[in-house]
Every structure is written in C-alpha cells, then in structure tokens.
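>>> I'll drop the sequence and a predicted model, then ask my questions.
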Amino acid sequence: MRIGIIGVGRIGALHAETLHSLAGVDELVVVDSDAARAQKVASRMGVPWAPDIGHVLKDGADGIVIATPTDTHAGLVRAAAEAGAAVFCEKPVAADLAGTKKVVRLVEKTGAQVQVGFQRRFDAGFVSARDQVQAKKLGWLHTVRASTLDPAPPPAAYVGSSGGIFRDCSVHDIDAVRWVTGREASVVYATGSNRGASYFSEAGDVDTAAALLTLDDGTLALVSSTRYNAAGYDVRLEVLGSEDSISVGLDDRLPLRSAEPGVTWPGGTPYANFMERFRAAYVAELEAFIDVVSGRAANPCTPADALETFYVAEACELSRRERRPVTMEEVRL
C-alpha cells in the first residue's frame, strides 16, 4: 500500500521511520511544508518526498498519517477523507470542539476511516490494566489516579497555541481513564497554578494542574499534570478496586526517589521524554492503522470516541477558569 506521512518534525520523523519498517507499506511518501526537512528525512530512508498533501493524493494514497501542527489537522483530514484515503491523525483532529464535531460529521458523511492518535491505548501496561478491569479482577473500582509529569516546559510559542494543559497534556490521562475503566465522566472540578515561566500565565494557561473527575458509576478519578518534573518523564495510572490495586508505569525507570532509608528502588535511568517512554506504543498504533487501512481490523479510536475525551478536557479547562464544578452537559451544548 501507498502511505503519505504529512509533517516530519519530531514525532513525524519517528512515525516516518516506523512506517518505512512496517510490512505492508510498499511506498512511503514524505511531506512537509519545510522542503529541506522533507528532503532530509526522505533521503535518509531512500523514499520520495512532496511539498504538500495534494501531490500525494493526486497520485493515489491508501493512507495518510498526519503529524503537523494542530491548527492544520482538520483541513488535512478533510482533504484525505474526501480523496478516499484512510487517515491516522495525531490528537486532536481539530483545534476546538466545533472543529472536532465537523470532523465527526465528515466521517459520518463519507464513511472515511480516521484513527486518532492516543498512543497509550497501545502501551502494554495500559492494555493490561484495561484487560484486568474488564475481567473484574480488581472488584469494583473506587479510585483512579492518572498523571503526566513533563521533565521540562515546552517553548513559549508552543504554549500559546496548545489549547492549554488540559487539552494538550492531561487529555491523554483523561482518555486513559475512559478507556481503561470503560466509564464516562459526569462532573469535573479542576484547578491549576503557575510557579514557573511567566509565559504560561501570559497565554492564559497554567504549568501545573489537577482535576477530580466523578465517573458515571461513582468512581473518583484524579488527574494531575505539570511541565516541571525535573526528575524525568513520569506517566502513571493507578487503578484501585475493592479486591485489588494495580499501577501502570511502576517500573525501574520511574523518575521518583524513595525517602525511606535503605530503599534504592527504582534504580534505572529515568525516561527522558514521551518518545522514549512510549516508543513501542507508537509502533503498535501505526501497525494497527495499517490493519485498518487493509480492512483487517476495526478502527481503535474514532473521532467520535476522541470527542468524548475532548469534552472532558474542555470541562476541566472551564472548571479551572471559573473555579467551579462543571457537568458534562454544559460542554455538550
């Protein structure tokens, strides 16, 4: 099959290398608005490059992988879907809820296959946690704790267009909570603070945030995030039930030190960034996409499914700004 990778910055270049190595991808075309960057990545793998998505679609493409800035996603998804190509798009598929709903309607109208990139759904630990919850091995759940702690803040220019910490960062934790528990949030209460660089507050954002989600079965989910976790990249999910409790991310590379005398675990080198922590998951999600393109598998994360996660992130941001609990009905209007 013929696949186009649109955008070969940091994550896009990683996706390009993965696609190039996958069985079933007969031809890979690299696309980037920066011609020099496109040529560099393409030449490294010995594949063709193009200046824009139109050049790929006019010659026919079975699938398109989108790893460009957020504000370009919706237009690229539409172009690929209307050309009849399956689409993998890094989250989010649009910059706001209105745009996301338009993509959902486009998918419903065209029947296009659009897979949204929530890579934690393909991480071995998160998959195991979901399987154990579904098998009722933990009994009934009472508490879920999900966190994403970045080792260093992103550039100021990124923060200004990111949509805020809940939509950009905690959205992964929110999706993990939904996916692992199989439940939906009914009400959220969120807050945030700024003790780091001034450009977060100048952009109307925060560098550290927390939210309490009450799920529709009464389970409490605590979601926390920060841009300042110098010890390393720390992503965890703890699922606590009436019969047992489990944790994702509790391995020797956990960037956390014990204060207990004589305890040396964990002793491994902490994860430096998200690409290092989730390398295998990124491969697995693109393998799944190739199966979707070929018709061998169902779409593991549709825009309609992702929209439910974005609703929760939107509610968290509204709650943080207005300092009050927010019900999901408020953001669905």
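Arrived safely.

>>> leaving out sequence neighbours, find the closest residue to the spatially most central residue of the chain.
Central residue of the chain (Cα atoms, centre = their mean): F118, 3.7 Å from the mean position. Spatial nearest neighbour of F118, excluding adjacent residues (Cβ to Cβ, 6 or more residues apart in numbering): D175 at 4.8 Å. To be clear about C-beta, it is placed using only N, CA and C from the backbone, and glycine gets the same treatment.

>>> so that neighbour versus Y311, what's the distance?
Separation of D175 from Y311 (Cβ to Cβ, to the nearest Å) stands at 11 Å.

>>> more crowded one of the two?
D175 (26 against 21; other Cβ atoms under 10 Å).

>>> so for the helix or strand hosting that one, what gets flagged as buried?
In the assignment (DSSP states H and E), D175 maps to helix 171-181. For helix 171-181, the neighbour count (16 or more other Cβ atoms under 10 Å) marks 171-181 as buried.

>>> what does stretch 220-232 give?
221-227, 229, 232.

>>> with stretch 130-148 instead?
Those would be 130, 132-133, 138, 141, 144-148, for stretch 130-148 by 16+ other Cβ under 10 Å.

>>> one more: stretch 54-72?
For stretch 54-72, the neighbour count (16+ other Cβ under 10 Å) marks 56-57, 61-68, 70 as buried.

>>> that older thread, what is the helix holding D175 packed up against?
helix 124-134, strand 141-149, strand 185-193, strand 208-215, strand 220-226, strand 234-241, helix 303-322 (3 or more Cβ pairs under 8 Å, 6 or more residues apart in numbering; DSSP states H and E).

>>> and if we set it to 6 Å?
Contact partners of helix 171-181 among helices and strands, from 3 or more Cβ pairs under 6 Å, 6 or more residues apart in numbering; DSSP states H and E: helix 124-134, strand 141-149, helix 303-322.

>>> which residues touch stretch 301-317?
93, 97, 100, 103-104, 107, 114-116, 118, 164, 166-167, 171, 174-175, 178, 185, 188, 190, 211, 326, 331 (Cβ atoms under 6 Å, 6 or more residues apart in numbering).

>>> revised request: answer the last question for stretch 197-207.
Residues outside stretch 197-207 that contact it (Cβ under 6 Å, 6+ apart): 153, 156, 159-160, 164-165, 192-194, 196, 227.

>>> next: stretch 269-279.
Stretch 269-279 is contacted by residues 14, 119, 232-233, 253, 255 when judged by Cβ under 6 Å, 6+ apart.

>>> what do you get if the cut-off is 7 Å, keeping everything else the same?
Here stretch 269-279 makes contact (Cβ atoms under 7 Å, 6 or more residues apart in numbering) with 11, 14, 119, 123, 151, 231-233, 235, 253, 255.

>>> buried ones in stretch 183-202?
By 16+ other Cβ under 10 Å, the buried positions in stretch 183-202 come out as 183-185, 187-190, 192, 196, 199-200.
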